[in-house]
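Novice: return a 3D structure for these sequence lines:
(one chain, ligands or ions: 1)
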Amino acid sequence: MKINPRCKQDFTQVYINTEGYVMPCCWIGNHPFLQDFFDFLGTDAEQTNLKNLSLNEILKSAAFQKIESSWDSETPFRPCRIMCQRKYSEDQNLRGDNEIATLEIEKE
Ligand code: SF4
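Specialist: Predicted coordinates:
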């Protein structure tokens with residue numbers, strides 16, 4: 001499975017929620033993926049909170065590395081697999097929407 005991470009290509013920004021958690025994109029910070037973020041990172045999620053670390057530290061944290069290293073694994077982080085799996089992201093870039101990814105979420 002190939003992940004085509006749009007957070008490393010189309011835009012260079014992060015998403016910060018009202019509780020101070022920094023996430024690599026807004027998809028992860030919202031329904032239906034927010035719980036995936038906490039489930040996947042476990043206690044490492046605290047490494048992504050601005051109450052605990054600076055933004056630069058968070059971007060280099062083990063938590064962010066865990067998400068990024070999953071992209072080359074057999075089991076990529078679920079939001080990344082759904083939103084940025086290569087075939088979907090290529091389609092999205094052509095279509096300008098995420099209709100296919102939305103259908104994939106509903107199947108799970
Ligand atoms: S879903 Fe994953 S790979 Fe895609 S932009 Fe967000 S963090 Fe990056």
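Novice: CA only for contacts and neighbour counts going forward, please
Specialist: Will do.
Novice: where does the protein dip in pLDDT?
Specialist: Scanning the chain for pLDDT under 70 picks out 10-11, 87-108.
Novice: redo that, cut-off 80
Specialist: Applying pLDDT under 80 to the chain picks out residues 1, 10-12, 86-108.
Novice: up against the ligand, what does it have?
Specialist: By C-alpha under 6 Å from any ligand atom, the residues of the chain that approach the ligand are 5-7, 24-25, 27, 79-80, 83-84.
Novice: how about the strands in the protein?
Specialist: Assigned by DSSP state E, the strands in the chain fall at 15-16, 22-23.
Novice: want to try TSV for those, with mean neighbour count as columns?
Specialist: Listed next are these as TSV, based on neighbours: other C-alpha atoms under 10 Å:
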stretch	mean neighbour count
strand 15-16	16
strand 22-23	24
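Novice: re the thing from before, any chance of the residues of the chain next to the ligand in JSON lines, plus neighbour count?
Specialist: JSON lines is the format used below for those (neighbours: other C-alpha under 10 Å):
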{"residue": "5", "neighbour count": "17"}
{"residue": "6", "neighbour count": "18"}
{"residue": "7", "neighbour count": "15"}
{"residue": "24", "neighbour count": "20"}
{"residue": "25", "neighbour count": "18"}
{"residue": "27", "neighbour count": "15"}
{"residue": "79", "neighbour count": "18"}
{"residue": "80", "neighbour count": "23"}
{"residue": "83", "neighbour count": "24"}
{"residue": "84", "neighbour count": "22"}
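Novice: ok, those residues vs residue 58, which is closest?
Specialist: residue 24 (10.2 Å; C-alpha to C-alpha).
Novice: and the residue nearest to the closest one when sequence neighbours are not counted, how many neighbours?
Specialist: Excluding the flanking residues, the one nearest residue 24 by C-alpha to C-alpha, 6 or more residues apart in numbering is residue 14, at 4.8 Å. Here the number of neighbours of residue 14 (other C-alpha atoms under 10 Å) works out to 15.
Novice: wouldn't residue 14 be in contact with residue 25 here?
Specialist: Yes. Between residue 14 and residue 25 there is a contact under C-alpha atoms under 8 Å: 5.3 Å.
Novice: just checking, residue 74 touches residue 1?
Specialist: Yes. Here residue 74 reaches residue 1: they are 6.7 Å apart, a contact under C-alpha under 8 Å.
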